[in-house]
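*Asks:* Below: sequence and its predicted model.
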Amino acid sequence: MTNFERVQWVISEELRIPKEKITEDSQFIEDLNFDSLDHIEVVLGIEKEFDVEISDDEIDDVHNVKDLLRLLEDIA
């Protein structure tokens, strides 16, 4: 499973969004309707799935799936 597929799975499972709606270009707020609680749930799910810790400062610059994938590459 690729990192994108893993991220897609976490978002889909945490927020009950069909995987088909989640693309690398999906914007969290505009396309996936994330709110602040959604962000927390997804970050916790990503941390568990990838066995990493993501700081508040790091996640502040993440606005879409592609940003999240870049961050994971940087910290993994």
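*Replies:* Done, it's in.
*Asks:* For the rest of this, base every contact and every neighbour count on C-alpha atoms.
*Replies:* Fine.
*Asks:* Where does Ser12 fall, secondary structure wise?
*Replies:* helix 3-15 (DSSP states H and E).
*Asks:* if you average pLDDT over that helix, what comes out?
*Replies:* Helix 3-15 carries an average pLDDT of 97.
*Asks:* got the buried residues for the lowest-mean-pLDDT helix or strand in the chain?
*Replies:* Between all helices and strands in the chain, the lowest mean by mean pLDDT, DSSP states H and E belongs to helix 56-60, at a mean of 92. For helix 56-60, burial by neighbour count (16 or more other C-alpha atoms under 10 Å) applies to no residue.
*Asks:* Just after that helix, pick out the following helix or strand.
*Replies:* Next in line after helix 56-60, if elements are assigned by DSSP H and E, sits helix 65-75.
*Asks:* Quick check: buried residues in that following helix?
*Replies:* In helix 65-75, counting by 16+ other C-alpha under 10 Å, buried: Val65, Lys66, Asp67, Leu68, Leu71, Leu72.
*Asks:* angle of that helix against helix 3-15?
*Replies:* 120 degrees (axes from the mean of the first three to the mean of the last three C-alpha atoms, to 10 degrees).
*Asks:* what's helix 65-75 in contact with?
*Replies:* For helix 65-75, contacts defined as C-alpha atoms under 8 Å, 6 or more residues apart in numbering pick out 3-4, 7, 23-28, 52, 58, 61-62.
*Asks:* What of stretch 38-58?
*Replies:* So stretch 38-58 is contacted by Arg6, Val7, Val10, Ile11, Glu14, Leu15, Leu71, Ile75, Ala76 (C-alpha under 8 Å, 6+ apart).
*Asks:* Ok, stretch 13-24 next?
*Replies:* In contact with stretch 13-24 (C-alpha under 8 Å, 6+ apart) are residues 4, 8-9, 11-12, 32, 38, 41-42, 45, 64-66.
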